[in-house]
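Participant: Below: sequence and its predicted model.
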Amino acid sequence: MSITERGANTYLVRVYLGRDPLTRKRIETYETVHGNLTSAKKVEAMLKGRKEEGRVIKTERVHLDWLLERYLDSARHRQAASTQNKNRRFLDKYVRPYIGSLPLKKVTSQVLQDLFNLLMDEKKDGGHGRGLAPNTVKIIRTLLAAAFNYAVKQKLPAENPVAGARLPFVPKSRADSLTFKEAEALISVKDEFWFGNAFAFQLYTGLRPQELLSLVWEDVDFERGTLRVERACKWIDGVFTGFGTTKTERGNRVIKLSPAALDLLRDHHQKQAEAGGARKTKGEHYGEARINEWAERERPRRVKLYESAELIFPRPDGSVPNNLNPRLEFKAMLRRAGVVTDYRWYDLRHTHASFLIKLGVALTDVAARMGHKLAMLIGMYAHHIEDGPADAPGWLAKLVPIDR
């Protein structure tokens with residue numbers, strides 16, 4: 001530690017903190033004091049105390065860009081590649097151009113609040129805002145909070161400045177679902193589209209799109225009428241990059257298939273076998289070799305279950321679809337069915353869950369089928385539970401009768 005006089009009644013207090021484990025450069029913190037030598041010594045004592053407690057930013061040369069890069073690198077084995085790509089895109093587009101060059105110690109709660117306000121401000125009438133929805137800014141705030149939590153654990157700043165920056169209340173988005181009539185209209189035109197059977201099967205099972213398009217025929221047990229779900233497609237910017245685990249641990253599940261779903265699969269399998277046989281005579285492989293790679297890596301004791309590795313819902317050439325093609329086809333299928341609401345492809349999953357709830361299926365069974373925790377299911381589909389078959393007022397009157 002040292003105190004250097006820099007002018008009349010001005011001192012530079014320098015505290016040595018060690019060396020960076022990667023670059024081996026000296027790590028120091030500085031503080032400029034305007035006053036007499038006694039004031040400088042008091043600041044030096046304060047910095048010593050903070051150093052011992054681990055409550056000091058280690059160097060003024062550490063910028064926010066550096067922290068964000070270190071945070072993303074620290075999380076690359078905990079997050080899916082698609083999640084990493086999305087997080088980097090958000091930070092590169094909405095954070096780094098504005099405050100990325102700031103030293104870490106200057107990124108205060110007020111600086112972050114100004115950034116969030118700028119992102120939510122309207123573009124119109126000559127405004128300089130980005131016009132982002134509060135939900136989008138909430139994602140950015142969550143990313144920055146995680147990055148600063150990482151920094152606090154590394155004993156860089158003393159506290160997380162994101163905690164002091166607030167956003168307007170953002171109500172949780174409701175899970176949209178088709179009506180019974182809309183679902184019936186959608187099913188009626190499924191034979192006109194390549195992925196029509198895939199969408200119908202998703203409506204019957206409630207699978208996530210990533211789970212739906214990674215299914216192979218060995219996942220189906222026609223005798224028991226069950227489907228094994230244990231992998232998911234990984235897409236980055238809509239492009240298929242490989243197979244991986246399901247979104248959550250509960251995503252690995254076995255679900256019961258309805259007779260209608262089994263009939264759909266049998267018919268689909270027959271048509272696919274005929275088309276596949278025609279392709280094989282031309283020397284083309286109808287299947288996905290990367291399923292074998294996934295099985296050898298994730299299920300080495302069960303590799304024999306994936307000998308043919310033929311996808312249930314592939315592209316015409318037998319390969320795994322990218323994310324964009326089915327989404328566009330789903331929109332076209334909605335238009336052909338005369339459905340005017342602009343539903344998302346993922347809403348087929350929400351529709352399946354809402355139908356089960358409205359039909360009175362036990363919530364625990366619905367949660368297990370969807371691969372959700374019960375609390376998450378209730379939070380996501382509370383409005384459908386309210387519309388369910390249970391007569392809550394009548395039930396309460398029977399439990400606590402008013403008339404004596």
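Facilitator: Okay, I see it.
Participant: Tell me which stretches of the stretch 101-250 of the chain form helices.
Facilitator: Secondary structure of the stretch 101-250 of the chain (DSSP state H, counting those that start in this stretch): helices at 109-120, 134-153, 180-188, 196-205, 209-212.
Participant: mind checking how far Arg344 is from Ala200?
Facilitator: Arg344 sits 17 Å away from Ala200, going by C-beta to C-beta, to the nearest Å. Any C-beta I mention is one placed from the backbone N, CA and C, and that applies to glycine too.
Participant: Between the two, which has more neighbouring residues?
Facilitator: Neighbour count, other C-beta atoms under 10 Å: between Arg344 and Ala200, Ala200 has more, with 22 against 13.
Participant: Name the nearest residue to that one, ignoring sequence neighbours.
Facilitator: Nearest non-adjacent residue to Ala200, counting by C-beta to C-beta, 6 or more residues apart in numbering: Lys190, 4.8 Å away.
Participant: any idea of the pLDDT on the one you found?
Facilitator: You'll see Lys190 listed with a pLDDT of 93.
Participant: Identify the residues contacting it.
Facilitator: By C-beta atoms under 8 Å, 6 or more residues apart in numbering, the residues touching Lys190 are Gly196, Asn197, Phe199, Ala200, Met333.
Participant: what helix or strand does the last one sit in?
Facilitator: Right, the one you point to is Met333. Element membership for Met333, per DSSP states H and E: helix 324-337.
Participant: what angle separates the helix or strand that that helix is followed by from helix 180-188?
Facilitator: Helices and strands here follow DSSP H and E; after helix 324-337, the next one along the chain is helix 347-358. Angle, helix 347-358 to helix 180-188, by axes from the mean of the first three to the mean of the last three C-alpha atoms, to 10 degrees: 130 degrees.
Participant: Quick one: residues in contact with helix 347-358.
Facilitator: Residues outside helix 347-358 that contact it (C-beta under 8 Å, 6+ apart): 175-178, 180, 183, 199, 202-209, 330, 363, 365-366, 369-370, 377, 380-381, 384-385, 387-389.
Participant: buried ones in the helix or strand containing Ala45?
Facilitator: Applying DSSP H and E as the criterion places Ala45 in helix 37-53. Buried positions in helix 37-53, judged by neighbour count with 16 or more other C-beta atoms under 10 Å: Ala40, Val43, Glu44, Leu47, Lys51.
Participant: follow-up on the earlier one: check the contacts of Lys190 for burial and list the buried ones.
Facilitator: Judged by 16+ other C-beta under 10 Å, buried ones among the contacts of Lys190: Gly196, Asn197, Phe199, Ala200, Met333.
Participant: Select, from these, the two members most distant in space.
Facilitator: With C-beta to C-beta as the measure, no two of the buried ones among the contacts of Lys190 lie farther apart than Asn197 and Met333, at 11.3 Å.
Participant: ok, Ala273 to Ile312 distance?
Facilitator: Computed as C-beta to C-beta, the Ala273 to Ile312 distance reads 12 Å.
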